[in-house]
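Student: got a predicted structure here, sequence first:
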Amino acid sequence: DMIFNGLKKMYKKKILPVEHMSQFTKFGTSQMSAIDFTAKPMVLLLGQYSVGKTSFIRYLLGRDFPGIRIGPEPTTDRFVSIMHGKIDKIVPGAALCSDMNKPFRGLSSFGNNFLSRFEGVEMDSPILKNITLVDT
């Protein structure tokens, strides 16, 4: 916590004024929030279709996650953020971006077309206590 608090203070004192002065948020990402400093690391799996990204995630989790689709043809037509949660559920992208406790607020600037292709999955898995996986 001490390191995260130090990073937050440094951001607010040194970096944020430069962002405001240069109007960085008009052409870059939005201002960082407290959740951006405490969020778990995200691992984004990229690659051609049907090379095993979703199967690899299933292996790491030890089971299927809600909404999983695996097949020889392209099956993942969206970005799926797989996070830790007490119960299994699927969360629409727009809801994730409006949740102050999730690090996805900056994605709302990509518009409704992107948000309709973005969703979150919450499930109980030991590995998700330390990272968030993003399937593509």
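Tutor: Looks like it came in fine. Predicted model only: the values in this text are computed from it and were never measured.
Student: isn't F4 right up against I35?
Tutor: No. Counting by C-beta atoms under 8 Å, F4 stays clear of I35, with 10.8 Å between them. (Each C-beta comes from the backbone N, C-alpha and C, glycine too.)
Student: compare neighbour counts for these two and give me the winner.
Tutor: When neighbours are counted by other C-beta atoms under 10 Å, I35 comes out ahead of the other of F4 and I35, with 14 against 11.
Student: helices of the chain, start to end?
Tutor: 2-10, 16-22, 34-38, 53-61, 93-98, 111-115 (DSSP state H).
Student: kindly provide the distance from the residue lying closest to F24 once chain neighbours are set aside to S81.
Tutor: Leaving aside its sequence neighbours, F24 sits nearest to V18 (C-beta to C-beta, 6 or more residues apart in numbering; 7.5 Å). Separation of V18 from S81 (C-beta to C-beta, to the nearest Å): 30 Å.
Student: pass me the low-pLDDT residue ranges in this protein, would you?
Tutor: Along the chain, segments meeting pLDDT under 70 span 28, 71-76.
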